[in-house]
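Colleague: Here's my sequence, what's the structure:
(3 chains)
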Amino acid sequence: MYDWLIIAIPVFPLVAVLLNGLLGSRYSHDIAGRIACSSVGLSFAAALVVFADQLQTGGVREVIAYRWIFGGDLNINLAFLIDPLSCIMLLVVTGVGFLIHLYSVGYMHGEEGFTRFFTYMNLFMVSMLLLVMGNNYVVLFIGWEGVGLCSYLLIGYYYDKVSAAKAATKAFVVNRIGDAGFLLAIFLVFYNFGTLDYTQVFAHAGQLSPKMATAIALCLLVGAIGKSAQLPLYTWLPDAMEGPTPVSALIHAATMVTAGVYMIARNHTIYDLSPAAMTTVAVVGGTTALFAATIGLVQTDIKRVLAYSTVSQLGYMFLGCGIGAYTAAIFHLMTHAFFKALLFLSAGSVIHALGGEQDIRKMGGLSKKIPWTHAVFLIGTLAIAGIFPLAGFWSKDEIMAHAFVHHHYVLYGMAAIGALLTSFYMFRLTYLTFYGRPRMDHHRAEHVHESPMIMIGPLVVLAGLSVIGGFPGVPPEDGWFHHFLHPSVAAGAAEAHGVGLGLVVGLMGVATVIALAGWGVAHYLYSARPEAADQLAARAPAVYTTLLNKYYVDELYDRLFVEPTKKLGQAWDWFDRTIIDGLVRGVGEMTEGGAWLSTWIEKHVIYAGLNVIGYANHLTARAWRKLQSGMVHHYAAIIVAGLFILVHLVVVWWTTGLSGFGVALK
Amino acid sequence: MTFSLTLTPADLLLMLPELFLTLWLCVILTIDFSLPRFPKRNLAYLSVLGLAVVLANLIWFDRAGMTGTLFNHMFVVDRMAIFFKIFIVVTTILVILASIDYVKRFKFFKGEYYFLVLMSALGMMFMASANDLLSIFITLEFSTFGFYVLVAYLRDDPASNEAGLKFFILGVFAAGLLAYGISLVYGETGKLVLSDIAAAPATPGLIIGYLLIFAALGFKIGAAPFHSWIPDTYHGAPTPVTAFLSIAPKGAAFAILLRLFFISLAAFKPAWVLLLVLASILSMTYGNIVAIAQKNIKRLLAYSGIAQIGNVLIGLAAGTKMGGDAILFYLLTYLFANLGAFAIVIAVGNLINSDEIEDYNGLNRRSPFLAFAMLVFLLSLAGVPPLAGFIGKLYIFIAAIKEGLYVLLIVGLINVVISMYYYLVVVKKMYINEPVDNSPLTVSAPMQAVIYASLAGTLALGIYPQPIIDWVVSATMMFSHIVAPATAVAPSTALPFGG
Amino acid sequence: MAQLFFFYLAGIIVLTSILVVALRNPVYSALSLLIMFFHVAGLYVTLHAEFVAAVQIIVYAGAILVLYLFVVMLLNLHREDRYHAQFPLATLLGVTILTEVILLMLQRGDSGAPVATPVIAPPTPAIGNTEAIGEVLYSTYVFPFEVASLILLVAMIGAIVLAKQDLFEQKG
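Modeller: This next block holds a predicted model:
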């Protein structure tokens, strides 16, 4: 009955992409903005209807839009799966997406590439909807790549910023590393099941060998790590903050980066088969949560603090998945989408008010000048810090409680310390931005202004959601949210259990104390005694610089992976162009003297050494000769050498009975 | 004197596309030298017209299911031959349209350029039908001869001359390898037709012969380690010729490789799977890594082409009908993406007279259309969904995983990541860097047609590939019986409940 | 007797082939090539392929080699040493490949795999050698034969295109 409506959800923004992309230059920015927003609004409305239907009827609905690849053994449809999990994701994506689109109309007002921006944003919505709605791995992967591509385009939105271009490329390439793992997982699934549809795969998942289940789960995890910016592939996300702020809110906080969590929750059937993979997920999540939080402590760029906070919060979600608390992870995903979008957007409002300033050391005292922004930012901070009874409190507490109850005490400890740090750096951010004396220059201070209504409106709605967003999950483990999501992520024994009320309340109390402690320290360091923070930094300079430089991970990756690959490429290119020629000609030159047979070996050794050293000197002199001589005989030599190697290998295979190498190679 | 040659009109009908094209290129040649005033541009359109007729003819053959063999099985017309002929004709049409502006650079013999392009196309159409070793040798040489001249067409440009000379010497060298290989195989078996050789037992001479033949064909497709001619030749040749050279001969050579490996060598699969796995890994890794260091877009595409061929070899290494399907499909996606990319290189080269990647800075501001099209083509080459290249890679990797070629798969996936990097470097330069010169660029009508056609192909093959997949699957039907499942190599292809 | 001829001819062929690439004076190289062509023709004669032998001498030794010599002398080519630089590498590769081929042969002998039945030369047809070639060229091998004619066409046009441009330029 609602099939067409389900298909329409991604089609609305697609139509907007085509309209704005092809005809956008013919009409004004206003119209382009309206088309973009209304398309997402329509998707949201459709998602609400689908959600209402799901509430009534329950169950799983699959809709085939069209048969996409249908050849021999390969059978892939462009088809959608509507179940409680995808319903929640749909609502989050379209709802938060709609608010961010509205906000962007105000934020991007007057930008030259306004229409282009909204085309990319809508394209992102299409991809993200495909990602969460797909009923098979290939549609998921298309959405997965699509959001990565849009992320690339939107990070690099500011053409003229070189750093933006670098960040965009980095994000895409790092994501592709994850994608390679994801693709491998897809191929392994196909190899084992002969199909890529979720329903069939999960129905037969029980027949996987434990080893294979672990392999698939770990490969999927590699993909999830890349997309959701977990250790060790998190480095792209902070750099991605070069994009416009609404992009950071939509893509790099609320939706795209949570795709990894969604994917793990979606594949929980496979993860449940592999305790090893589950542990890995949990450890990755816990470590990232703590690790990113420590970096967030000292960052000075308002958006980067939020970026590390996002990485850290995503770590909590992974931790939740890893310990089997899928519902809690998805719950946290939802509340995080609310308050992190809120934080980013209000940070955008701050940046907007200050005319582009992002350094919190040059802010301060803004609470009076931009009261609305201040109020909603504070709500966001309270929510993420886990202050009772805001959204973040319920979802984060549930993950931590689950870890404690299931005896993952180390993980619980990591999460608790992470929560303390989170509370600290978020309140630090708030104090530095909104309180104390203004530290911006006079000119900027004069021009501070509150943002227009179209930006404040979505902020207020998101603030409201950040306050009440936790209540669907109350009481913990038994709220409406859990019952609704249960059919999608029922994780066997791991989820359902009875816990004493006392323990639950006790853990909540601990969480509250932790959050308040973080607040208190922040208040002491950044409000009560502002000079204390600098003293602290001065007392442990090594720690401070290491944190400020993000543990030098970027530099490490450059040294380890990026530079060597480039060097190898250059070296081989040089080899292609010169070395063969040089070597062979080098040998030729020394043989010129005649009577070479007798002294060949000595000369070969000596001259080869000299040739390598003196090669650079010869380079220019030889340049012209090279053009004419063309090295053609050396090229022929390469072919012969290649052929020689092949023959050689065949001889080896032949003599070893053909099979020895074959097994090794597979 | 008695001739045992019997050719009925029905037999000749099977050769109609080739016969028509032969006739047509004689017409072109005659018009060219007998009517000096005839505009050369119209010769191009005339060539395209002839090729369009051939294309219609081939599509009719395909729809009507016209198949058969001629000349004692030397010349075979089956669905796969028709597929490759269509592949070659479409490439040729697009290349000729893309050449029209470029030909103005030639001082002399503008008309003969089209003649030679058609001649090469004819040679490659013969290659697609060649079914015995002698025909393979002759048709391969025939198609290459035109290219020897075309590569050196820019007589004023030392790079083009050098490229032509290198290509010629190395090409003749490869021909020598091929002839030697064929002589060994013939010497061991006494047979020439591919399906007859299949029954022969593996003897050392036979194996070395096959290796030599593989080396010659590997040279033709530019697979490592027989790739050494590619960068210089691609770099120096006139860009439309590079575009032609980078696509059509590879398709034609794969027609032969498929017949050779899947028919003649079907019984020795365990031995050659490893050979192809190695060649594939080497091509992909080498091509992708060296591409990173390139400063010239033609060289970049040359190395990227080596890597792409490595991907295609994965399908051959799979050694199943599905691998064959995947090869055909992949080649089509490669045709549109690579030709489109080269079309833009030609267009930009005509306008700013440079092929350096530096000069693509800010292309988006000078011509958003060219920049966007290039983005699509490069992303398709990189295998980003939902573009054609993605489905091609998916198809070919699925074919490999079904045979359990894990190592190949993992190397392939890593290479996909590496390739992303250098494609993105070009994208970054086009979209983000500042142009030196801000003047807008305009593209001529035929060039626009080529770019639009390539765009349409790249998008259609990605979004709605089903008709093409059906076609490809039916084109390789003949391999469904010949290649036995590789149970001897892979432990098991699927769990019992798998598809 | 036949074997004696074979080894004599084959030996000379191998020797002169090496000389072609080993000698540094291009004229000497060309002359070694000439000797090789004659011996190859001799090999054809022992195989009863008189027509091929005749063609070998007329076309290769008569036409092509004379052309080579003309070019070499007209261009006044000097000793060319560059190509000799590959000698060590080439020797290495060549000797190893030879060893491996022998190894392969031995391996086959060891494994007891069936030895391929040697191809028996077709009995000399009743009609003459030349007629027989003519007949197969126009019946069995008509397809490659016709394609070869197209190659001649493309080679002719190609030669004109490449060579005559210089003439135009000299005029202009």
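Colleague: So which residues of chain B form strands?
Modeller: Using DSSP state E, the strands of chain B run over B:68-70, B:75-77.
Colleague: Now those strands in TSV, please, with extra columns for mean neighbour count, distance to A:Ser43 and mean pLDDT.
Modeller: Glycine gets a C-beta too; all of them are placed from N, C-alpha and C. Formatted as TSV, the strands of chain B follow (neighbours: other C-beta atoms under 10 Å in any protein chain shown; distance: least, C-beta to C-beta, whole Å; pLDDT from 0 to 100):
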stretch	mean neighbour count	distance to A:Ser43	mean pLDDT
strand B:68-70	16	55	85
strand B:75-77	25	52	90
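Colleague: how about stretch B:284-299, does it get close to chain A?
Modeller: Yes. Applying C-beta under 8 Å from any C-beta of the partner chain, one finds that stretch B:284-299 is in contact with chain A at B:286, B:289-294.
Colleague: gap between that stretch and the chain center?
Modeller: Stretch B:284-299 has its C-alpha centroid displaced from the chain centroid by 19 Å (C-alpha atoms, centre = their mean, to the nearest Å).
Colleague: And for stretch A:233-244?
Modeller: 9 Å.
Colleague: before we move on, what about stretch A:433-445?
Modeller: 33 Å.
Colleague: Could you do stretch B:378-393 as well?
Modeller: So, by C-alpha atoms, centre = their mean, the centroid of stretch B:378-393 is 17 Å from its chain's centroid.
Colleague: Stretch B:461-475 too?
Modeller: 18 Å.
Colleague: Can you give me the neighbour number for A:Thr57?
Modeller: For A:Thr57, the count of nearby residues is 10 (other C-beta atoms under 10 Å in any protein chain shown).
Colleague: ok, it to A:Met125 distance?
Modeller: In this view, A:Thr57 and A:Met125 are 26 Å apart by C-beta to C-beta, to the nearest Å.
Colleague: again, but for B:Met420
Modeller: Separation of B:Met420 from A:Met125 (C-beta to C-beta): 24 Å.
Colleague: now B:Ala175
Modeller: For B:Ala175 relative to A:Met125 (C-beta to C-beta), the value is 56 Å.
Colleague: Also A:Gln313?
Modeller: When A:Gln313 is compared with A:Met125 (using C-beta to C-beta), they lie 22 Å apart.
Colleague: picking up where we left off before, okay, B:Met420 and A:Met125: which has more neighbours?
Modeller: A count of neighbours by other C-beta under 10 Å puts A:Met125 above the other of B:Met420 and A:Met125, at 32 against 26.
Colleague: Which secondary structure element is home to the residue nearest to the spatial centre of chain C?
Modeller: The residue lying closest to the centre of chain C (C-alpha atoms, centre = their mean) is C:Phe37, at 7.4 Å. Using DSSP states H and E, C:Phe37 sits in helix C:26-46.
Colleague: before we move on, what about A:Val63?
Modeller: Using DSSP H and E, A:Val63 sits within strand A:61-71.
Colleague: A:Asn75 too?
Modeller: In the assignment (DSSP H and E), A:Asn75 maps to strand A:74-82.
Colleague: hmm, which helix or strand of the chain has the shakiest average pLDDT?
Modeller: The chain I'm using is chain A. In chain A, the helix or strand scored least confidently by mean pLDDT, DSSP states H and E is helix A:596-629, which has a mean of 36.
Colleague: You answered for a different chain; I wanted chain C.
Modeller: helix C:87-111 (a mean of 69).
Colleague: Just after that helix, pick out the following helix or strand.
Modeller: Past helix C:87-111, the next helix or strand by DSSP H and E is helix C:129-138.
Colleague: quick one, longest helix in chain C?
Modeller: As assigned by DSSP state H, the longest helix anywhere in chain C is helix C:142-171.
Colleague: elements contacting it?
Modeller: Applying 3 or more C-beta pairs under 8 Å, 6 or more residues apart in numbering or on different chains; DSSP states H and E, one finds that helix C:142-171 contacts helix B:110-129, helix B:133-151.
Colleague: try 10 Å this time
Modeller: helix B:16-34, strand B:75-77, helix B:110-129, helix B:133-151, helix B:158-189, helix C:129-138 (3 or more C-beta pairs under 10 Å, 6 or more residues apart in numbering or on different chains; DSSP states H and E).
Colleague: Out of the ones you listed, which is the most enclosed?
Modeller: helix B:110-129 (a mean of 27; mean count of other C-beta atoms under 10 Å in any protein chain shown).
Colleague: what mean pLDDT would you report for it?
Modeller: Averaging pLDDT along helix B:110-129 gives 91.
Colleague: Figure out how far it is from the centre of its chain.
Modeller: For helix B:110-129, the distance to the chain centre is 14 Å (C-alpha atoms, centre = their mean).
Colleague: How about it and chain C, any contact?
Modeller: Yes. Helix B:110-129 is in contact with chain C by C-beta under 10 Å from any C-beta of the partner chain, via B:112-113, B:115-116, B:118-120, B:122-123, B:126, B:129.
Colleague: That helix to helix B:133-151, inter-axis angle?
Modeller: Angle, helix B:110-129 to helix B:133-151, by axes from the mean of the first three to the mean of the last three C-alpha atoms, to 10 degrees: 160 degrees.
Colleague: now the end-to-end length of stretch A:515-530.
Modeller: 20 Å (C-alpha to C-alpha, to the nearest Å).
Colleague: Taking the stretch 301-450 of chain B, what residue is nearest to chain C?
Modeller: B:Ile346 (20.6 Å; C-beta to the nearest C-beta).
Colleague: That residue is in contact with B:Ser454, isn't it?
Modeller: No. Using C-beta atoms under 10 Å, B:Ile346 and B:Ser454 do not qualify as a contacting pair, with a distance of 11.8 Å.
Colleague: ok, B:Ile138 to B:Ala253 distance?
Modeller: Distance of B:Ile138 to B:Ala253, given as C-beta to C-beta: 15 Å.
Colleague: One more: B:Val273?
Modeller: Taking C-beta to C-beta, one finds B:Val273 at 19 Å from B:Ala253.
Colleague: quick one: contacts for A:Gly260?
Modeller: A:144, A:178, A:182, A:220-230, A:281, A:314, A:317-318, A:321 (C-beta atoms under 10 Å, 6 or more residues apart in numbering or on different chains).
Colleague: neighbours of residue 5, just the number please.
Modeller: I'll assume chain A. 15.
Colleague: wrong chain, I was asking about chain C
Modeller: 13.
Colleague: next one: C:Ala148
Modeller: By other C-beta under 10 Å, the residues close to C:Ala148 number 14.
Colleague: got a list of what it touches?
Modeller: Contacts of C:Ala148 (C-beta under 10 Å, 6+ apart): B:138, B:141-142, C:137, C:141.
Colleague: Chain A next: which of those are close?
Modeller: Among the contacts of C:Ala148, chain A is touched by none when using C-beta under 10 Å from any C-beta.
Colleague: Nearest to chain A among those?
Modeller: B:Glu141 (17.3 Å).
Colleague: what separates the closest one from B:Leu116, distance-wise?
Modeller: For B:Glu141, the distance to B:Leu116 - C-beta to C-beta - is 15 Å.
Colleague: now C:Tyr44
Modeller: 35 Å.
Colleague: Could you do C:Leu69 as well?
Modeller: Per C-beta to C-beta, C:Leu69 is found 30 Å from B:Leu116.
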